[in-house]
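> coordinates for the following, if possible.
(2 chains)
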Amino acid sequence: MEATGRKRRKFLISLILGLGGLGLLARFFRPRLPQAPARLDVPRREVPPHGALVYRQARVALVREAEEFYALDLTCTHLGCTVTVTPTELVCPCHGSRFDRRGAVLQGPAQLPLRRLEVRIEGERWVVRG
Amino acid sequence: MKKRGLAGEFVAHLFPRVVRKENLRLSYTFCLGGLALTVFLLLVVSGLLLLFYYQPTAAGAFTSILFLEEQVPGGKYLRSLHRMASHLFLILLFLHTLRVILTGAYRPPRQLNWLIGFALLCLALFDGYTGYLLPMDQLALWATQTGMELLGTIPGGSLAKVFLLPDGIGGSLSLLRFYALHIVVLPLTMGVLIALHFYRIRRDKGILPYL
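Here you go, the predicted structure:
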């Protein structure tokens, strides 16, 4: 009986120590990162109707379509390549997904529409985060 | 009896005392596992030399590769050797796995060694993947991008992504994690498992008696 009791105690202690250690490790590997700078911070410019401003490095396109103005995340929703903006649609060079100018999928393999990002006006600048 | 340390005991038990002549037939295993070990050692040595020039920072990585290739005598050869050996390593491991499957060597009583071998295959793939990002060229960046998106689709994948990419693909912290995994964590784990793998062959009384 005594042996069983000690076995259980040993098990519980190693369980607590193991889980505690794992928790500390998990915290160790998640550092507090400095606030990331805005993804896009550019002076405001006129976007012609049915036109778009493309910022490939930031992977953002500012699109004016009909009466709407929005920012599209150019990260392909399939495997994350940067899609190419053409006058009529957005095409991914990696696996051939095609999206319309609103970001909706025209042709797979991507299954989700391109993400829309919030455009904020700060003074005379456009700022996109996220 | 002579007293030996752990390493000495290991080496002493690695090789059999006697080997039957008919058991030395090469066409049974083609020595694929042994060849893979040789290539692993080659990877360790060439990688060790590459360490002296590689800089694991987002800004410095690609520049250090260019420096290695253009200014260091034999640098380009060494890097190509490391890369080619990594391809060969995976090819040999797959052939070895295929051989083990086709000869039924995974069956009891050697099931434990099959599990160790499978873990080694997975670790080797992961080591290859982490090494792929290190040059930080376009190919490396986009291959890692797509690979990480794939990882995100499996259960628990997003958690692994948080661990591997604290500041996104192309960030210095992420590169450093891939680097640490590539040069220390994974090779060490593999080294231990390889030793265990070869030790188990002897414990299971060699390769051929089960034929």
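
> list the contacts of the stretch of helix or strand residue B:161 belongs to.
Under the criterion of DSSP states H and E, residue B:161 resides in helix B:157-164. The contact list for helix B:157-164 (C-beta atoms under 8 Å, 6 or more residues apart in numbering or on different chains) reads A:29, A:30, B:148, B:151, B:152, B:174, B:177, B:178. Any C-beta I mention is one placed from the backbone N, CA and C, and that applies to glycine too.

> secondary structure class for the residue most central in space within chain B?
Centroid check for chain B by C-alpha atoms, centre = their mean gives residue B:124 as the closest residue, at 3.6 Å. The three-state assignment at residue B:124 reads helix, by DSSP: H, G, I helix; E, B strand; the rest coil.

> residues of the helix holding residue B:161 that come out buried?
residue B:164 (16 or more other C-beta atoms under 10 Å in any protein chain shown).

> chain center to that helix: distance?
From the chain centre to the centre of helix B:157-164 is a distance of 21 Å (C-alpha atoms, centre = their mean, to the nearest Å).

> tell me which helix or strand comes right after that helix.
Heading C-terminal from helix B:157-164, the first helix or strand you meet, by DSSP H and E, is helix B:172-180.

> quick check: phi and psi at the residue of chain A found nearest chain B.
Per C-beta to the nearest C-beta, the residue of chain A with the smallest distance to chain B is residue A:79, at 3.9 Å. For residue A:79, the backbone dihedrals (degrees, to the nearest 10) come out as phi -130, psi 20.

> wait, it touches residue B:150, no?
Yes - judged on C-beta atoms under 8 Å, residue A:79 makes contact with residue B:150 at a distance of 6.7 Å.

> these two - which one has more neighbours?
Counted by other C-beta atoms under 10 Å in any protein chain shown, residue A:79 and residue B:150 do not tie: residue A:79 has more neighbours, with 21 against 13.

> report pLDDT for that one.
Looking at residue A:79, its pLDDT reads 85.

> residues contacting it?
By C-beta under 8 Å, 6+ apart, the neighbours of residue A:79 are A:94, A:95, B:145, B:146, B:149, B:150.

> closest one of those residues to residue A:39?
Comparing those against residue A:39 with C-beta to C-beta picks out residue B:145 as the nearest, at 16.3 Å.

> neighbours around the closest one, how many?
Other residues lying near residue B:145 total 21 when counted by other C-beta under 10 Å.

> pretty sure it sits against residue A:81.
Yes - using C-beta under 8 Å, residue B:145 is in contact with residue A:81, at 6.9 Å.

> show me what from chain A comes close to chain B.
A:29, A:30, A:31, A:33, A:78, A:79, A:80, A:81, A:94 (C-beta under 8 Å from any C-beta of the partner chain).

> now these in TSV, with secondary structure?
Shown next, in TSV, are these (three-state DSSP):
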residue	secondary structure
A:29	coil
A:30	coil
A:31	coil
A:33	coil
A:78	coil
A:79	coil
A:80	coil
A:81	coil
A:94	coil
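
> pick out the most distant pair among those residues.
Pairwise distances across those peak at 30.8 Å for A:31 and A:94 (criterion: C-beta to C-beta).

> contacts only, for residue B:174.
By C-beta under 8 Å, 6+ apart, the contact set of residue B:174 is B:164, B:165, B:166, B:167, B:168.

> now these as a markdown table including pLDDT?
Below are the contacts of residue B:174 laid out as a markdown table (pLDDT from 0 to 100):
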| residue | pLDDT |
| --- | --- |
| B:164 | 91 |
| B:165 | 89 |
| B:166 | 88 |
| B:167 | 85 |
| B:168 | 83 |
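
> among those residues, name the buried ones.
B:164, B:165, B:166, B:167.

> okay if I get those as JSON lines plus distance to residue B:20?
Formatted as JSON lines, the buried ones among the contacts of residue B:174 follow (distance: C-beta to C-beta, whole Å):
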{"residue": "B:164", "distance to residue B:20": "48"}
{"residue": "B:165", "distance to residue B:20": "53"}
{"residue": "B:166", "distance to residue B:20": "55"}
{"residue": "B:167", "distance to residue B:20": "58"}
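
> looking at those residues, spot the one nearest residue B:188.
residue B:164 (18.1 Å).

> quickly note the distance from that closest one to residue B:170.
13 Å (C-beta to C-beta, to the nearest Å).

> quick check: buried residues in the helix or strand hosting residue B:38?
Residue B:38 is part of helix B:32-50, with elements assigned from DSSP H and E. For helix B:32-50, a neighbour-count test (16+ other C-beta under 10 Å) marks B:32-33, B:35-37, B:39-40, B:42-43, B:46-47, B:49-50 as buried.

> could you count how many residues lie near residue 25?
Since no chain was named, I'll use chain A. Here the count is done by other C-beta under 10 Å, and residue A:25 has 10 residues near it.

> look at chain B instead
Around residue B:25 there are 11 residues (other C-beta under 10 Å).

> now do it, the pLDDT please.
Note on residue B:25: pLDDT of 76.

> ditto for the one 10 residues further on
The confidence metric pLDDT takes the value 93 at residue B:35.

> any weak-confidence spans in chain B?
B:1-2, B:22-23, B:207-211 (pLDDT under 70).

> show me where it has helices.
Assigned by DSSP state H, the helices in chain B fall at B:6-14, B:32-50, B:61-71, B:75-102, B:111-133, B:138-153, B:157-164, B:172-180, B:186-203.

> where does chain A have low pLDDT?
Those would be A:1-5, if you go by pLDDT under 70 across chain A.
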